[in-house]
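Trainee: after the sequence you'll find the predicted model.
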Amino acid sequence: GHAAIYNTRHYNRFRRLLARVITRKWWVAGAVVSAFVLAILSMGLIKKQFFPTSDRPEVLVEVQMPYGTSIEQTSAATAKIETWLKKQSEAKIVTSYIGQGSPRFYLAMAPELPDPSFAKIVVLTDSPAAREALKFRLRAAAAGGLVPEARVRVTQLVFGPYSPFPVAYRVSGPNPDKLREIAGQVETVMQASPMMRTVNTDWGPRVPTLHFSLDQDRLQAVGLTSNSVAQQLQFLLSGVPITVVREDIRAVQVVGRAAGDIRLDPAQIEGFTLVGSAGQRIPLSQVGEVDVRMEDPVLRRRDRTPTMTVRGDIAEGLQPPDVSTAILSELKPIIDQLPAGYRIEQAGSIEESAKATQAMLPLFPIMIALTLLVIILQVRSISAMVMVFLTAPLGLIGVVPTLLLFQQPFGINALVGLIALSGILM
């Protein structure tokens, strides 16, 4: 009966412990409060992370050539990485996507837009350990000059909202030239930080472009117009459809254009031959001049304002919120001296985390109200309800030392665990 249930060794030991706690209640209360304060102060030693990295075994390799690069050159650069990957025992399946990103095979990712200068390689490994080994080895090979003509980025999948780079800053303003100057200062600060790697901008470096200026007097002398010259250059450089070849249900368009050794060599463009109105052959150099200018390969806008994003990856063992906060403090002198109409904003993972937190904030009052309702229905007393509810934060006494002991960041997983632990305490 009663003795069989409660008169046991473990229960009697618990009874004696509880009697000592009640006898020394003020000492115990002081110890609990001290432990709670210490746990709060120790929170500053824990790394912050909202969404953790995924444990999926894929390694993602991004190959970014200078904007404007032909897809043939991008394919050749990607082939070098593929050849290297074939020699690695961890790489079981290697799939390359030239000129675009991979399909959306994972919820927390977004395929890149079509771009001839971009390629993405998805490498499947056996395990997370093999993924980490291959990831670090490929980064070292890329840094050692595996594909010097391209920017190679080696990453893995992460949970949570998609963000192309974990740390990023948007520089916005009306003048693209001034915008690039300010973004260059931000990029310099980020590159100088040991917490950052693979720092770049979404506009890319300026690229050389050929400009052909027509001499209208010479055009009239040889019987040509600007439109006819443009059409002939279009035929020589890009090509025009000539006919269609049909085979069964397939139709293949035949395009006529200049040979590759001439068309792809900028030095030989002035040697192109045009046909005048009377059928005479006219060298291109006689009707205009060719000059090379450096231009922005792409201009991006946000809310109709030119915006350049300076972004990069973080060093291993660090968390995006900590790095973003540290870099932002280093950018303060630049932000304080910005001209009117220009601004620098945080982007990347910290912005996505803020969006997720903002979306969850309206749910917290409802959650607290339902919790209080359940407690008061159980204890049937306002004072008892308050006392029970105030025990919820005491879960930090166990959470903080555990995170510090195992060197784990305080992220969404730890937050969910803390809420569950608070429910057990209450």
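Mentor: Alright, I've got the coordinates.
Trainee: which other helices and strands contact the helix or strand harbouring Thr83?
Mentor: Using DSSP states H and E, the element containing Thr83 is helix 71-86. Using 3 or more CB pairs under 8 Å, 6 or more residues apart in numbering; DSSP states H and E, the elements in contact with helix 71-86 are strand 58-64, strand 93-98, strand 118-124, helix 128-143. The way it works is simple: take the backbone N, C-alpha and C, and place the C-beta from them, glycine included.
Trainee: SS state for Pro306?
Mentor: strand (DSSP: H, G, I helix; E, B strand; the rest coil).
Trainee: phi first, then psi, for the residue nearest to Gln280 when sequence neighbours are not counted.
Mentor: Closest residue to Gln280 apart from its sequence neighbours, by CB to CB, 6 or more residues apart in numbering: Val222 at 7.2 Å. Reported as degrees, to the nearest 10, the phi and psi values for Val222 are phi -100, psi 0.
Trainee: who's in contact with Val222?
Mentor: Going by CB atoms under 8 Å, 6 or more residues apart in numbering, Val222 touches 276-277, 280, 282, 286-287.
Trainee: and which of these is nearest Leu338?
Mentor: Set against Leu338, the nearest of the contacts of Val222 by CB to CB is Val287 (46.6 Å).
Trainee: how far away is that closest one from Val275?
Mentor: In this view, Val287 and Val275 are 12 Å apart by CB to CB, to the nearest Å.
Trainee: ok, these two, which is more surrounded?
Mentor: Val287 (22 against 12; other CB atoms under 10 Å).
Trainee: any idea how far Glu270 is from that one?
Mentor: Taking CB to CB as the measure, Val287 falls 11 Å from Glu270.
Trainee: next: Arg300.
Mentor: Distance, Arg300 to Glu270, using CB to CB: 33 Å.
Trainee: with Glu187 instead?
Mentor: Glu187 is 36 Å from Glu270, by CB to CB.
Trainee: if we can go back for a sec, could you dump the contacts of Val222 to JSON lines with secondary structure, pLDDT and distance to Asp215?
Mentor: Listed next are these as JSON lines, based on DSSP: H, G, I helix; E, B strand; the rest coil; pLDDT from 0 to 100; distance: CB to CB, whole Å:
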{"residue": "Gly276", "secondary structure": "coil", "pLDDT": "82", "distance to Asp215": "14"}
{"residue": "Ser277", "secondary structure": "coil", "pLDDT": "78", "distance to Asp215": "16"}
{"residue": "Gln280", "secondary structure": "coil", "pLDDT": "84", "distance to Asp215": "17"}
{"residue": "Ile282", "secondary structure": "strand", "pLDDT": "87", "distance to Asp215": "12"}
{"residue": "Gln286", "secondary structure": "helix", "pLDDT": "87", "distance to Asp215": "9"}
{"residue": "Val287", "secondary structure": "coil", "pLDDT": "87", "distance to Asp215": "6"}
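Trainee: need the residues you listed in CSV with distance to Leu41, can you?
Mentor: Output for the contacts of Val222, formatted as CSV (distance: CB to CB, whole Å):
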residue, distance to Leu41
Gly276, 85
Ser277, 87
Gln280, 88
Ile282, 82
Gln286, 80
Val287, 78
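Trainee: farthest pair within the residues you listed?
Mentor: Ser277 and Gln286 (14.6 Å).
Trainee: which SS class is Ala110?
Mentor: Here Ala110 is coil, with the state taken from three-state DSSP.
Trainee: count the residues that sit near it.
Mentor: 12.
Trainee: quick revisit: who has more neighbours out of Glu187 and Glu270?
Mentor: Glu187 (21 against 15).
Trainee: my read: the more buried one touches Trp203, true?
Mentor: No - with contact defined as CB atoms under 8 Å, Glu187 does not reach Trp203; the gap is 10.9 Å.
Trainee: ok, Ile182 - contacts?
Mentor: With CB under 8 Å, 6+ apart, Ile182 has these contacts: 171, 173, 334, 338, 342, 344.
Trainee: and the residues you listed, which is closest to Gln88?
Mentor: Once CB to CB is applied, the member of the contacts of Ile182 that ends up nearest Gln88 is Val171, at 38.3 Å.
Trainee: specify the beta-bridge partners of that closest one.
Mentor: In this entry, Val171 is beta-bridged to Met308, Ile344, by DSSP bridges.
Trainee: that one against Val186, yeah?
Mentor: Yes - with contact defined as CB under 8 Å, Val171 reaches Val186; the gap is 6.2 Å.
Trainee: show me the contacts for Thr325.
Mentor: So Thr325 contacts Ile350 (CB under 8 Å, 6+ apart).
Trainee: can you give me the strands for the stretch 151-300 of the chain?
Mentor: For the stretch 151-300 of the chain, the strands defined by DSSP state E, counting those that start in this stretch occupy 151-155, 167-172, 196-201, 207-214, 240-247, 250-256, 273-275, 281-283, 288-295.
Trainee: nearest to Ala315 among those strands would be which one?
Mentor: Closest to Ala315 of the strands of the stretch 151-300 of the chain, according to CB to CB: strand 196-201, at 6.1 Å.
Trainee: give the pairing partners of the closest one; include direction for each.
Mentor: Sheet partners by DSSP bridges: for strand 196-201, these are strand 305-314 (antiparallel).
Trainee: ok, and what's touching the strand it pairs with?
Mentor: Under CB under 8 Å, 6+ apart, the answer for strand 305-314 is 153, 155, 164-176, 179-180, 183, 186-187, 190, 195-203, 299-301, 320, 323, 347-348.
Trainee: so how far is the host helix or strand of Ile375 from its chain's centroid?
Mentor: Using DSSP H and E, Ile375 maps to helix 363-379. Here helix 363-379 is found 39 Å from its chain centre; the criterion is CA atoms, centre = their mean, to the nearest Å.
Trainee: what residues sit buried inside the next helix-or-strand element following it?
Mentor: Downstream of helix 363-379, the first helix or strand assigned by DSSP H and E is helix 382-389. By 16 or more other CB atoms under 10 Å, the buried positions in helix 382-389 come out as 385, 388-389.
Trainee: now distance to Val374 and pLDDT too, for these, in CSV please.
Mentor: Listed next are the buried residues of helix 382-389 as CSV, based on distance: CB to CB, whole Å; pLDDT from 0 to 100:
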residue, distance to Val374, pLDDT
Met385, 10, 84
Val388, 10, 81
Phe389, 11, 82
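Trainee: closest one of those to Val59?
Mentor: Of these, the one sitting nearest to Val59 (CB to CB) turns out to be Phe389, at 46.7 Å.
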